[in-house]
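A.B. asks: Below are the sequence and a predicted model; questions follow.
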Amino acid sequence: MKRFWIFVVLTPLVAILPLAGCNAPPASALVKSDVPVTDTSTLLVDNSTSVSLSLTPLPAKPDKVELVYFHTKAPCHCMALVGDSIQYVVDTYFKDEQTNGTLKLTTIVSDDPANIDLVKKYDTLVFALWVTERRGSIEKTYTVDDIWLMTGDENKDKLVNFLRTKLTDILEGKST
């Protein structure tokens, strides 16, 4: 039944639009060779007003990446190991990125009353690793939850390798 209505209603409408003076380019003219439009495009606001928009693609790689690790004053051994691993990976493998300001790690004691505003801002648990990617004025903030599957001494190497790969992907613009 839906096909019937689409055929009955839309087919005549599509045929009439060019006759009614609608000269919008076909969609295929807007994208060539799967390359998105990055020049000036015109948007019709109403029947008499149009606005030109300049579309500039965001860079693939983030300008800056901020890691925020929340932990408690007295974490258990497993949670302390996670925090130590995060610090180790950043300090060992990403010195240049820290030096040039591309990567910053901040650790916050989540159960310290002085940090309540940050805990509320991130709406976070007492232990969490947050990532903020900045591309120009656009920010993308998310948690890295997979680290909690790699706690304990037996998973330390696995956690370090995961964090190193994850940060490399983020800095190269391959994050999800």
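C.D. replies: Sure, I can see it.

A.B. asks: and Ala15, what pLDDT?
C.D. replies: Here, the pLDDT recorded for Ala15 equals 47.

A.B. asks: Let me fix that, I meant to ask about Ala60.
C.D. replies: So Ala60 comes in at 85 (pLDDT).

A.B. asks: For it, which residues are in contact?
C.D. replies: Gly173 (CB atoms under 8 Å, 6 or more residues apart in numbering). Using the backbone N, CA and C atoms, a C-beta is placed for each residue, glycine as well.

A.B. asks: That one should be in a strand, yeah?
C.D. replies: No. Counting by DSSP: H, G, I helix; E, B strand; the rest coil, Ala60 is not found in a strand; it is coil.

A.B. asks: now it: how far from Leu163?
C.D. replies: 21 Å (CB to CB, to the nearest Å).

A.B. asks: Run through the helices of this structure in chain order.
C.D. replies: Remark: helices assigned in the chain by DSSP state H are 2-5, 11-16, 27-30, 77-93, 95-99, 116-122, 156-171.

A.B. asks: May I see those helices arranged in CSV, with mean neighbour count and distance to Thr141 as well?
C.D. replies: Listed next are the helices of the chain as CSV, based on neighbours: other CB atoms under 10 Å; distance: least, CB to CB, whole Å:
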stretch, mean neighbour count, distance to Thr141
helix 2-5, 8, 40
helix 11-16, 10, 43
helix 27-30, 8, 31
helix 77-93, 16, 17
helix 95-99, 12, 18
helix 116-122, 13, 8
helix 156-171, 17, 12
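
A.B. asks: Brilliant, that's me finished.
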